[in-house]
Structures are given as structure tokens and as C-alpha cells.
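S.K.: Build me a model:
(one chain, ligands or ions: 1)
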Amino acid sequence: MKILVINCGSSSLKFQLIDSVHGQVLAKGLCERIGIEGSRLVYRREGAKEQTVKAPMTEHKTAVKMVLDALTAPGTGVIRELSEIDAVGHRIVHGGEKFAASVLIDNGVLSAIEECASLAPLHNPANLTGIRACMELMPETPMAAVFDTAFHQTMPMEAYLYGIPYAYYEKYRVRRYGFHGTSHKYVSRQAAKVLGERPEKLRLIVCHLGNGASVSAVQYGKSVDTSMGLTPLEGLIMGTRAGDMDPAIVEFIAHKEGKTLDEIMEILNRQSGVLGLSGGLSSDFRDLEDAFQAGQPEGERALKAFAYRVAKYIGAYTAAMNGVDGICFTAGLGENSPLIRRKICAYLGYLGVSLDEEQNRKRGEDLIISAPGCGVKVLVIPTNEELAIAEETCALVQA
Ligand code: AMP
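M.R.: The predicted structure follows:
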């Protein structure tokens, strides 16, 4: 089946056309600056050079139309007509408590996604715009919604409740939701395959370490806890996000610096994390690793604090599951940085973990990087959220 995967942001739209049977990307790209001057489409057909087309895109519908035109263009396209697209899979950030799995989109689903918008005001409205644009241009094509939050809906109450007045949960559904669910699910399933076990037999900790980063505890195939919360700000120290901290810091800094709540939230989301810790050096771990190797204290400070926080979560989730069988690293940093994996695993001696350094230096494939004989396996599993969305969409359409 040919599945178009759409990930729509407020001013951008990423897409991939995937042959879900062979797991092959036929074409991919993104539209940038939608609704802003200077909008453009970047398009790449598998095996061909990237093309950039500058054209005004006043709204998402124009962007979707450009993507569909590019996919069907004689010579550079990958399909002859739109009817060759069997279904569209939309990445939706927040499904609240309404969605514990992916669903085919109908009017009821659209309203429910709209109702979750107050939980993700920057993301859900943009996601909806993308769905509506596709529905207008491909009215006969089935569409699926795949939620970042859905996989974590199996968390027990003690993991998702915050220690604040229960009325806020009852009135506003303030609770832990977690994100990156498509990745945590995909990676935990893939890790089980690599370990030659069924997911239902394993307790896994998945460390999705990218610019946004989260850890999850996946017990016998189900997410039982995860580090991101009501929003993707909680948990690990990230590229620019603060992660866990004393909530009283918000008031303290606001008073000291004369800042509004909005300004503080902007700082916690965009100027904190390793960017903030490194004194503004970089949010990109490659730069921080270079700084660390060059002996710059900013790099060391950021990497140490980052690795320590991940290790603390691994300890917490080992306790939550009464043990752990495998620890998986994924996403930009988790897949590509032997250094950060080494720094994190240095805390795991109590689990009997030691690394096979030769394996740890490899990249680009599913790997077991713990030394032979370790009871707790450490794995690197490249994530593929688009393929996971395509597979889920395909399964829904076939059902
Ligand atoms: P993601 O959000 O999953 O795309 O991950 C992006 C982050 O991965 C970047 O900010 C980099 O910090 C990190 N990253 C990617 N490649 C490497 C690498 N070779 N070494 C260290 N960090 C990397």
C-alpha cells in the first residue's frame, strides 16, 4: 500500500510517501514558511537529487496541493495519479484521554481532536488544518490519525497523576500524557524482535534522545510510565527545554528578573536545556561534544547533567517495573552518539551493564551494544516514526 504520511506544524508540513509493504520511502520533503513570505517546497524522490520550489503558500491547503502536484509531476513524481495513494496517515500531537490507539478519521474524530486542542494549543490546530486540507483535496482517500500520546494511555493512575488538587484533573484533565509514543512503541517492538522475544515477555526502558527527549518504561508491551507530562516540557534536560525542576523556580525568576509568566515559559521551552546549561553555546549535541572534547567546561557541564538525568530515569523505571530486561537508545542523539551512551551506561554498573565498545561505535542499524553475557541488554534501535505511522494507517485501512 502507498501511504502518504503528513506531519503538519503551524507553518510547516513534512511528508513522506511510503510503500508500507516494503517499508520503502518513495518520496519525501517539507513545505516551509506556510502563510509567511518566502514559502518553499523541498522535495526529494528516492534516489534523486533534492529540489526546492519557491512559491507562495498562503495556507496549508496550498501546501498540500503543491505536495500532491510534486508527487504526480511527470518526470519527477513517483505516482501517476492521486488515486494511487491508498491512505493518508496524519501525525497528531495530543489525543488527550480520548485516544488510546490510532483511528480512521471521521467527523467525530475531528471534533475530539479539536476538543484536545487546549492541551496542545500550538500543535493540534495545525494538525487539524493539515487533515482538513487533505480531506478537501482527496475526499475519497481514507485518513488515519496517529497520536503521539496514544501509546502512553496504558499508564496506571499512580504514574499519570500529579500531586496537585485532584479537582484540576477532574475539571481540566491535568495529568501526565507523555509524547513520542509512536517512537516508543516502534522501538520497543523492534527491540523485542532483536532480542528474539515477544514484547509481552519483556520489561524495556526506551530512551528517545533527540532535540526533544523522553524516556519510557514499557512493561510487557505496554507503556507504564514516561518522562514527558501534560506537555513535552517535563522530564529530561533537552536541547532547549528545561525538563524537571522545582516549580517554584518560575516565581523566583519572575520576581528577580521582572518577567511575565509567558516570558518565563518561553525561557523554559526555548532557552533552557543543554543550550541554557552550556551558557548559550549550542542546543546541538554535536557542538557540545566538540566543546567537551576540546576541554571547554560548558560542554562538559551540559553533557554531564544530561546523562545524569537520563540515568536517574532509568533507575526510577527499573524500580517501577521491578527490574529491566533491556535499555534501548534511539533518535538523533541516542542513535548517533557513542559518547552519550557511554556516559549514561557508566551509571548502570548496579544492573551489571557494561558496553561492548566496538558495537557502541557502530551506527545506522539495530544493535546490541552491551557486552556479551550482560543480563540487562543495551540496544540501539533507529526509530522510524513515519514508517510506524504508515504501518498503523495501513493496518487500520485493511481492517
Ligand atoms: P532528532 O531530534 O531526533 O532529530 O535529534 C537531533 C539531535 O541529535 C541534534 O540536535 C543533535 O544534537 C543530535 N545528533 C545527531 N547526530 C549526532 C551525532 N553524530 N553525535 C551527537 N549528536 C548527534
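
S.K.: Got the phi and psi for residue 90?
M.R.: Main-chain dihedrals, residue 90, degrees, to the nearest 10: phi -100, psi 130.

S.K.: actually residue 66, not the one I typed
M.R.: Torsion angles, degrees, to the nearest 10, at residue 66: phi -60, psi -40.

S.K.: same question, residue 382
M.R.: phi -60, psi 130.

S.K.: and the strand ranked longest in the chain, is it in reach of the ligand?
M.R.: Across the chain, the strand with the greatest residue count (assigned by DSSP state E) is strand 24-32. No. Against the ligand, strand 24-32 shows no contacts by C-beta under 6 Å from any ligand atom, the least distance being 13.4 Å. Any C-beta I mention is one placed from the backbone N, CA and C, and that applies to glycine too.

S.K.: List the pairing partners of that strand within its sheet, with orientation.
M.R.: Here strand 24-32 has these sheet partners by DSSP bridges: strand 13-19 (antiparallel), strand 40-45 (antiparallel).

S.K.: What mean pLDDT does the first one get?
M.R.: The one in question is strand 13-19. Across strand 13-19, the average pLDDT comes to 96.

S.K.: contacts for that strand?
M.R.: Contacts to strand 13-19, defined as C-beta atoms under 8 Å, 6 or more residues apart in numbering, come from residues 1-8, 24-31, 34, 60, 63-64, 67, 71, 78-79, 85, 130, 386-387, 390.

S.K.: from the middle of its chain, how far away would the longest strand of the chain be?
M.R.: 18 Å (C-alpha atoms, centre = their mean, to the nearest Å).

S.K.: buried sites along that strand?
M.R.: 25-32 (16 or more other C-beta atoms under 10 Å).

S.K.: average pLDDT across the lengthiest helix in the chain?
M.R.: For the chain, the longest helix by residue count, based on DSSP state H, is helix 297-320. Mean pLDDT, helix 297-320: 98.

S.K.: Buried residues in that helix, which are they?
M.R.: 298-299, 301-303, 306-307, 309-311, 313-315, 317-318, 320.

S.K.: what packs against whichever helix or strand comes after it?
M.R.: Per DSSP states H and E, the first helix or strand lying C-terminal to helix 297-320 is strand 326-330. Contacting strand 326-330 under the criterion 3 or more C-beta pairs under 8 Å, 6 or more residues apart in numbering; DSSP states H and E are the following elements: helix 181-195, strand 203-209, strand 377-380.

S.K.: Could you verify my assumption that residue 240 touches residue 268?
M.R.: No. Between residue 240 and residue 268 there is no contact under C-beta atoms under 8 Å: 9.1 Å.

S.K.: Between these two, which contacts overlap?
M.R.: By C-beta under 8 Å, 6+ apart, no residue touches both residue 240 and residue 268.

S.K.: and the ligand, which of the strands paired with strand 24-32 is closest to it?
M.R.: strand 13-19 (11.8 Å; C-beta to the nearest ligand atom).

S.K.: near the ligand, which residues of the stretch 101-250 of the chain?
M.R.: Counting by C-beta under 6 Å from any ligand atom, the stretch 101-250 of the chain sits next to the ligand at 210-211, 239.

S.K.: one more time with 8 Å
M.R.: By C-beta under 8 Å from any ligand atom, the residues of the stretch 101-250 of the chain that approach the ligand are 208-212, 239.

S.K.: buried sites along stretch 280-294?
M.R.: 281-283, 285, 287-289, 291-292.

S.K.: whoops, I mixed them up, stretch 84-94
M.R.: Buried residues in stretch 84-94 (16+ other C-beta under 10 Å): 85-94.

S.K.: okay, those in TSV with distance to the ligand and secondary structure next?
M.R.: Shown next, in TSV, are the buried residues of stretch 84-94 (distance: C-beta to the nearest ligand atom, whole Å; DSSP: H, G, I helix; E, B strand; the rest coil):
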residue	distance to the ligand	secondary structure
85	26	coil
86	28	coil
87	26	strand
88	23	strand
89	19	strand
90	20	strand
91	14	strand
92	19	strand
93	15	coil
94	19	coil
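
S.K.: Tell me the one of these nearest residue 113?
M.R.: Nearest to residue 113 among the buried residues of stretch 84-94 is residue 92, at 6.0 Å by C-beta to C-beta.

S.K.: so who does that closest one touch?
M.R.: With C-beta under 8 Å, 6+ apart, residue 92 has these contacts: 113, 124, 127, 145-148.

S.K.: For these, which entry has the maximal number of neighbours?
M.R.: Highest neighbour count within those, by other C-beta atoms under 10 Å: residue 147, with 30 neighbours.
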